[in-house]
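**Q** could you work out the structure for the sequence below:
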Amino acid sequence: MVQVDADTYALAYSGGGDDGFISTFTISADGSTTLAEVESIEHDAARGQSNSLVHVVGDTYALAYEGDDNDGFISTFDIDSGGDITPIKVANHVELGEGSSVNLEHDTEYNKFNSLVHVVGDTCALAYSDTTNGDISTFTIDITPVAEETKKSGSDCYDCEPPKLQQAQIQIASAQKIIATDDDPIHITANVGDKVMVILNVTDNKSVDTFRFAGLYTNYQEKPSDMNAFYANNYDKWKHVSTSFYEWNVRADDVAYDYDGTVSWSDNAPTVVTDVITDENYFMKNDDNTLEYFMMPFTFTMNDSMETSQITAKIYDASGNRLYETLPVTLEIISKEIVVLSDAEEIATLDKGDVIVIPSEDTTPLLNEPVLFTVLSQWSGYSQVTSDDAEMLSVIGLQGDSLPAWTKNLGEWVIQEKLDVSELITAINYVHNNQ
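**A** Predicted coordinates for the structure are as follows:
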């Protein structure tokens, strides 16, 4: 922490997910008033540890810290006497904007225990530890004052409020939506093969049409040793890294990442929704007296089981203000139960969420899917036209005249998307070969 003026202080620290933050506070000289935060920005969304912050000249401050992949970085900021922060050279320059640019990565091997001091003028010296030795480096800091029109003003701030999450909806396959708004987390269990959709409804004090980044993160676990460090930069409070995430960025290609194939992400894009202001929602209107929602869906399919995990959302508005929120839900994905069909009594007690797998060999024939689904709907009673058992067997490449009556339940479940067609074919193969 460094003192900016008589009652203003700046603090560089590691926050949620080990991200790098810098905040300013006001504290009265005699300590008689309550500590109050003026502003806080996330300057590095990957990592920000071993911080050493110094005043250089004027409103210019330099920060040495350990960033992504334990590398050494130098960032600079303009901090005025009121505590307003303007990023100059920072890692998170794309999201923060305000004329900022990329910071300096001075050590690409290892960086710990930083101690940065101002020497004279625009020169600073840094002592730190690399992998085996102690190093001292010197740096020239650009001390050109930031133009006044670039700075935020605490008394005349155009946009200093972060976006607000008003509602999160979670939908599993064809189940009803779960509205996640309570403080007490809701535990959701889904099956392998289920499609999950998380919809975020977000408002802001300015038009949400200018939002430029939205991300959803889950499948948190201890960082795998072979995980690409480029993607290993979203941590929860237990220092577990998100191994499945989707990031929408208006200025770049979307990033759909999954470490080990647990999740397959669909393409996702936001929609701006305008609503009528009522007595119930008037508090969500923006500075233009308009009620807008930034509705961002994140859709993914679960390919494998997943231990209970939190779901975290990040959203940035046009001014770099950030929403960072852990949703009040936990998600767990379990493998579907494997059930061996034997008779009508067993199928009557079978849970419709279970998957039916019988023979080990793959006997699935090549199929004409449009024809298959037409016959399937007729055979299952979902059409005014009917197909008999012989037609159903023929369309999947089998010969015969009859099937047990209860097998039509399987066809019904396929129509209702509660059973995969390949699982239906496997089950009918088994029944046909063993009746």
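**Q** show me where pLDDT drops low in the chain?
**A** Applying pLDDT under 70 to the chain picks out residues 28-34, 98, 146-158, 173-185, 336-371, 382-385.
**Q** domain map for it?
**A** Taking automatic domain parsing as the domain assignment, the record places the domains of the chain at 2-140, 164-334, 338-434.
**Q** centre of the chain to the second one, how far?
**A** What it means is domain 164-334. For domain 164-334, the gap between its own C-alpha mean and the chain's C-alpha mean amounts to 5 Å (CA atoms, centre = their mean, to the nearest Å).
**Q** can you tell me the element residue 198 falls in?
**A** For residue 198, the enclosing helix or strand under DSSP states H and E is strand 195-203.
**Q** quick one: name whatever helix or strand follows that strand.
**A** Remark: after strand 195-203, the chain's next helix or strand is strand 213-221, criterion DSSP H and E.
**Q** now for that following strand, which elements pack on it?
**A** strand 195-203, strand 241-249, strand 291-302, strand 306-316 (3 or more CB pairs under 8 Å, 6 or more residues apart in numbering; DSSP states H and E). No exception for glycine: its C-beta is placed from N, CA and C like everyone else's.
**Q** quick check: next helix or strand after the last one?
**A** Right, the one you point to is strand 306-316. Following strand 306-316 in sequence order, the next helix or strand is strand 322-334 (DSSP H and E).
**Q** hang on, the earlier thing: what's the closest of the helices and strands packed on strand 213-221 to residue 377?
**A** strand 195-203 (21.5 Å; CB to CB).
**Q** okay, that closest one in PDB with CA atoms only?
**A** Provided in PDB are the C-alpha atoms of strand 195-203 (Å, rounded to 0.1, in the frame of the first residue of the first chain):
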ATOM      1  CA  LYS A 195     -27.600 -30.300 -22.500                       C
ATOM      2  CA  VAL A 196     -27.300 -27.500 -20.000                       C
ATOM      3  CA  MET A 197     -28.200 -23.900 -20.700                       C
ATOM      4  CA  VAL A 198     -27.300 -21.000 -18.400                       C
ATOM      5  CA  ILE A 199     -28.900 -17.700 -19.200                       C
ATOM      6  CA  LEU A 200     -27.700 -14.500 -17.500                       C
ATOM      7  CA  ASN A 201     -29.900 -11.400 -17.500                       C
ATOM      8  CA  VAL A 202     -27.700  -8.400 -16.700                       C
ATOM      9  CA  THR A 203     -28.400  -4.600 -16.500                       C
END
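**Q** what's it packed up against?
**A** Partner elements for strand 195-203 (3+ CB pairs under 8 Å, 6+ apart): strand 164-172, strand 213-221, strand 291-302, strand 306-316, strand 322-334.
**Q** what's next to that strand, contact-wise?
**A** Applying CB atoms under 8 Å, 6 or more residues apart in numbering, the external contacts of strand 195-203 come out as 163-173, 177, 190, 208, 211, 214, 216, 273, 284, 286, 291-302, 311, 313, 315, 323, 327, 331.
**Q** drop anything exposed from these.
**A** Neighbour-count burial within the contacts of strand 195-203 applies to 163, 165, 168-173, 190, 208, 211, 214, 216, 284, 291-300, 302, 311, 313, 315, 323, 327, 331; the criterion is 16 or more other CB atoms under 10 Å.
**Q** can you redo the helices and strands packed on strand 213-221 as CSV with distance to residue 68?
**A** Conversion of the helices and strands packed on strand 213-221 to CSV gives the following (distance: least, CB to CB, whole Å):
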stretch, distance to residue 68
strand 195-203, 26
strand 241-249, 12
strand 291-302, 24
strand 306-316, 16
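**Q** closest one to residue 81 among those strands?
**A** Comparing those against residue 81 with CB to CB, the closest turns out to be strand 306-316 (27.2 Å).
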